[in-house]
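Asks: Build me a model:
(one chain, ligands or ions: 1)
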Amino acid sequence: MKTIMLLCCESCAPSLAQKLADALEAQGHKTAIWNPIADSGEHAIPRQDAAKRIAQGQKAQLLDALCDNAEAAAQNADVLIALPVYEDCAIRMAYELNTAIARNLDAMLVPAVCTKDKTDDQAVEAIELAIQQFAQEGFTLDVVASGCSSEVVRRLANKNITVIQPKCAKIDFNVIKPSCHAVTPTKFMRSLHAIARAQKKTIVLPEGNVDRVLSAAAELKKQKLVDVILLGKKDDISAKADELHLDIDGIQIVDPQNDTCFDDYANTLYELRKAKGMTEEKARTLMADKTFFGTMMVYKGRADGMVSGATTTTADTIRPALQFIKTKPGIKTVSGVFLMSLADRVYLYGDCAVIPNPTTDQLADVAVASAATARAFGLDPKIAMLSYSTGTSGAGPDVDAVREATAKAREAAPELLIEGPIQYDAAVDPSVARTKLPGSPVAGQANVFVFPTLNAGNIGYKAVQRASGAIAIGPLLQGLNKPVNDLSRGASVADIVNTVLVTAIQAQN
Ligand code: ACO
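Replies: Next comes the predicted model:
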């Protein structure tokens, strides 16, 4: 399905949309016209509702709802033509909203450029300036709407710019393509939902009686993307859900100490850890702990993954998994990464959660495991082994360690694109990359970042999150045989929902 987003005035847009639809229908393409924010019409959000959501800081939710509506409006259509949102005293950021809709729908943005009373030279210049302005916002435009002269149309055609004349509004189906390829947070979250939906998994949440966890469970039930199991006493959890007005009907609740599998689980823990000094009695005591019990449910396959840590430290949350879920074959190191969903791209940062002072072998492991994690979430990994030096620009034992780790990662996975040592600016900025590391297939385009220590990684992800407003999803533990993920003790309900979602996706792999 292709989408066109018109950016023209309220009086022109409907007739232009209809003419474009007629032109496409004449080529045999089923076309739908959609008014995203309007007080009437199917699949439209009323203006006042939209204004309220923007005012309440719920722009992301609004965009998500608009994407749902666009999908519904486009059912059975080859092309969706979206009308623009107009500015008035209720909605004061129409331009921003329209470009956001275009980005999130992978639409071809078609702005109207007024050339009335302009000479042909002025008209060409006006259209080119409009295109350049949109380029500053990441849009590559080669189609505009303008009632300019046929000479202007001809001159622009020589520059590969198509002008749609509002009078006849001819458009070729083949020229319709996305004007922007940004991976926005809305797009990324929707892609995660689609992946989770494709193969539904069951995730155990040991902290069943924590308010935020219970709210997340209710939200996950509504989304129907993941099944959850809550640990705790049924009566306590039900009473708390009533108190919080949450619908958790149908969610499985397991009370570890009264569970029929308790003895088996305690015995399994004893068998797995007896060589490390575990006794039968200690195993029973540990199995009464919700984190050990939840981790054992994952080990036994009763749940596909576990998310915990809303009230416990990282160490207490992940130690049981390190002790008996253990690492995947061929992997020695468990590390923790964050998916950083920025305004127009997604990065993966690691290790931000587990290994305080990694050896060069461990750093190499983090790089290789991060590449696999990146792929599981739809990224094509280009790995930067971060340092304060790019190439040979700086020297010292810390730089040497990153160089050695890079060599080990390349040896372990020769097919991967890895660069190191490299500074952050050279890793992300093509112009810096051209100066500092010309010819590198990673410099300037990295999307997976391996930090040299846990200090650097943990500080780095929090700094970017706080300074840019990025959505930081994680930490995702990678390298474990089965997925277990830790929550920050400050995790919000949305953080918990997102972590459960990504844990379910890890469980698919
Ligand atoms: N990869 C694989 N296995 C590991 C790892 C690892 N990174 N770390 C420990 N293990 C294994 C050990 O080999 C050992 O196995 P064994 O008992 O079968 O021999 C077992 O786990 C326990 O090892 P210990 O060395 O006793 O581990 P300990 O429990 O002391 O610590 C831990 C492990 C919890 C990961 C520790 O390194 C730690 O506390 N890291 C920092 C966590 C943290 O505070 N992160 C920052 C906050 S997170 C955030 O902000 C999002």
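Asks: Residue 40 - how many residues pack around it?
Replies: When neighbours are defined as other C-beta atoms under 10 Å, residue 40 has 7 of them. Where C-beta positions appear, they are placed from N, C-alpha and C, glycine not excepted.
Asks: Residue 445 too?
Replies: Considering only other C-beta under 10 Å, residue 445 is surrounded by 17 other residues.
Asks: Now it. Nearest residue, chain neighbours left out?
Replies: Once flanking residues are discounted, residue 445 sits nearest to residue 382: 5.4 Å by C-beta to C-beta, 6 or more residues apart in numbering.
Asks: check contacts around the one you found.
Replies: Residue 382 makes contact with 417, 419, 441, 442, 445, 446, 447, 448, according to C-beta atoms under 8 Å, 6 or more residues apart in numbering.
Asks: Do a quick rundown of the strands in the stretch 51-200 of the chain.
Replies: In the stretch 51-200 of the chain, the strands defined using DSSP state E, counting those that start in this stretch lie at 79-82, 108-111, 143-145, 162-164.
Asks: Now render these as TSV, adding distance to residue 231, mean neighbour count and mean pLDDT.
Replies: Below are these laid out as TSV (distance: least, C-beta to C-beta, whole Å; neighbours: other C-beta atoms under 10 Å; pLDDT from 0 to 100):
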stretch	distance to residue 231	mean neighbour count	mean pLDDT
strand 79-82	45	26	97
strand 108-111	49	25	96
strand 143-145	56	23	95
strand 162-164	60	21	94
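Asks: Hmm, residue 54 is touching residue 90, no?
Replies: No. Between residue 54 and residue 90 there is no contact under C-beta atoms under 8 Å: 9.2 Å.
Asks: quick one on the thing from earlier: specify the stretch among the strands of the stretch 51-200 of the chain that is closest to the ligand.
Replies: Proximity to the ligand (C-beta to the nearest ligand atom) singles out strand 108-111 among these, at 38.0 Å.
Asks: coming back round to it: Throw the strands of the stretch 51-200 of the chain into a markdown table and include distance to the ligand, thanks.
Replies: Formatted as a markdown table, those follow (distance: least, C-beta to the nearest ligand atom, whole Å):
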| stretch | distance to the ligand |
| --- | --- |
| strand 79-82 | 39 |
| strand 108-111 | 38 |
| strand 143-145 | 45 |
| strand 162-164 | 49 |
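Asks: I'd like to know which of the ones you listed lies nearest to residue 354.
Replies: Of all those, strand 108-111 sits nearest to residue 354, with 42.9 Å by C-beta to C-beta.
Asks: partners of that closest one, with directions?
Replies: Note on strand 108-111: by DSSP bridges, its sheet partners are strand 2-7 (parallel).
Asks: can you list contacts of the strand it pairs with?
Replies: Identification of contacts with strand 2-7 by C-beta under 8 Å, 6+ apart yields 13, 16-17, 20, 70, 74, 78-84, 95, 98, 101-102, 105-112, 145, 171, 173, 176-177.
Asks: One more pass at 7 Å, please.
Replies: 13, 16-17, 20, 78-84, 98, 101-102, 105-112, 176 (C-beta atoms under 7 Å, 6 or more residues apart in numbering).
Asks: returning to what we had before: relative to residue 62, which of the contacts of residue 382 is nearest.
Replies: Nearest to residue 62 out of those is residue 447 (C-beta to C-beta; 27.6 Å).
Asks: contacting residues around the closest one?
Replies: Applying C-beta under 7 Å, 6+ apart, the residues near residue 447 are 347, 348, 374, 379, 381, 382.
Asks: Residue 145 touches residue 115, doesn't it?
Replies: No. If you go by C-beta atoms under 7 Å, residue 145 and residue 115 don't touch, sitting 10.6 Å apart.
Asks: For the nearest residue to residue 416 once chain neighbours are set aside, what is the enclosing helix or strand?
Replies: Leaving out its chain neighbours, the residue that sits closest to residue 416 by C-beta to C-beta, 6+ apart is residue 371, at 5.3 Å. Element membership for residue 371, per DSSP states H and E: helix 360-376.
Asks: for that helix, which positions count as buried?
Replies: Counting neighbours by 16 or more other C-beta atoms under 10 Å, one finds that the buried residues in helix 360-376 are 360, 362-374, 376.
Asks: what's the answer for stretch 35-53, then?
Replies: 35, 36, 37, 38, 43, 44, 45, 47, 50, 51, 53.
Asks: for stretch 306-314, same thing?
Replies: So for stretch 306-314, counting by 16+ other C-beta under 10 Å, buried means 306, 307, 308, 309, 310, 311, 312, 314.
Asks: Just those: which are in strands?
Replies: Those of the buried residues of stretch 306-314 mapping onto strands are 306, 307, 308, per DSSP state E.
Asks: Now render those as TSV, adding distance to residue 131 and pLDDT.
Replies: Compiled in TSV, those are given as follows (distance: C-beta to C-beta, whole Å; pLDDT from 0 to 100):
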residue	distance to residue 131	pLDDT
306	51	98
307	46	98
308	51	96
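Asks: from the residues you listed, which single one is nearest residue 206?
Replies: Checking those against residue 206 by C-beta to C-beta gives residue 308 as the nearest, at 4.7 Å.
Asks: Look up the residues forming beta bridges with the closest one.
Replies: Bridge pairing for residue 308 - DSSP bridges - gives residue 486.
Asks: In three-state terms, how would residue 383 be classified?
Replies: Following DSSP: H, G, I helix; E, B strand; the rest coil, the label given to residue 383 is strand.
Asks: ok, now which ones touch it?
Replies: Taking C-beta under 7 Å, 6+ apart, we find residue 383 in contact with 367, 370, 371, 416, 417, 418, 442, 446, 448, 450.
Asks: ok, now residue 236?
Replies: By C-beta under 7 Å, 6+ apart, the neighbours of residue 236 are residue 209.
Asks: mind listing the helices for the stretch 301-450 of the chain?
Replies: With DSSP state H, counting those that start in this stretch, the ranges of helices along the stretch 301-450 of the chain come out as 314-320, 360-376, 397-412, 424-428, 430-436.
Asks: Could you list the low-pLDDT ranges of this protein?
Replies: For the chain, not a single residue meets the criterion pLDDT under 70.
Asks: Where does the record place the domain boundaries for it?
Replies: Using automatic domain parsing, the domain parsing of the chain gives 2-182, 199-324+491-496, 327-479.
Asks: Tabulate the ones you listed (a markdown table), appending distance to residue 192.
Replies: What follows is the domains of the chain, written out as a markdown table (distance: least, C-beta to C-beta, whole Å):
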| stretch | distance to residue 192 |
| --- | --- |
| domain 2-182 | 12 |
| domain 199-324+491-496 | 9 |
| domain 327-479 | 7 |
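Asks: List of residues touching the helix holding residue 371?
Replies: Defining contact as C-beta under 7 Å, 6+ apart, one finds that helix 360-376 is touched by 331-333, 335, 337, 348, 350-351, 355, 358, 381, 383, 385, 401, 404-405, 408-409, 412-413, 416, 418, 447-448, 450, 452, 476, 478-479, 505-506, 509.
Asks: and what of stretch 222-229?
Replies: Applying C-beta under 7 Å, 6+ apart, the contact partners of stretch 222-229 are 193, 196-197, 200-205, 217, 220, 251-252, 254, 303, 500-501, 504.
Asks: Whichever of these end up buried, select them in PyMOL.
Replies: Applying 16+ other C-beta under 10 Å to these, the buried members can be selected in PyMOL as follows:
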select buried, resi 193+196+201+202+203+204+205+217+220+251+254+303+500+501+504
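Asks: now, which of the contacts of stretch 222-229 lie within strands?
Replies: Among the contacts of stretch 222-229, the members falling in strands are 202, 203, 204, 205, 252, 254 (criterion: DSSP E).
Asks: which one among those residues gets closest to the ligand?
Replies: Nearest to the ligand among the ones in strands among the contacts of stretch 222-229: residue 205, at 17.6 Å, using C-beta to the nearest ligand atom.
Asks: number of nearby residues for the nearest residue in space to residue 326 that is not next to it in sequence?
Replies: Spatial nearest neighbour of residue 326, chain neighbours left out: residue 481 (5.5 Å); criterion: C-beta to C-beta, 6+ apart. Residue 481 has 16 neighbours, counted by other C-beta under 10 Å.
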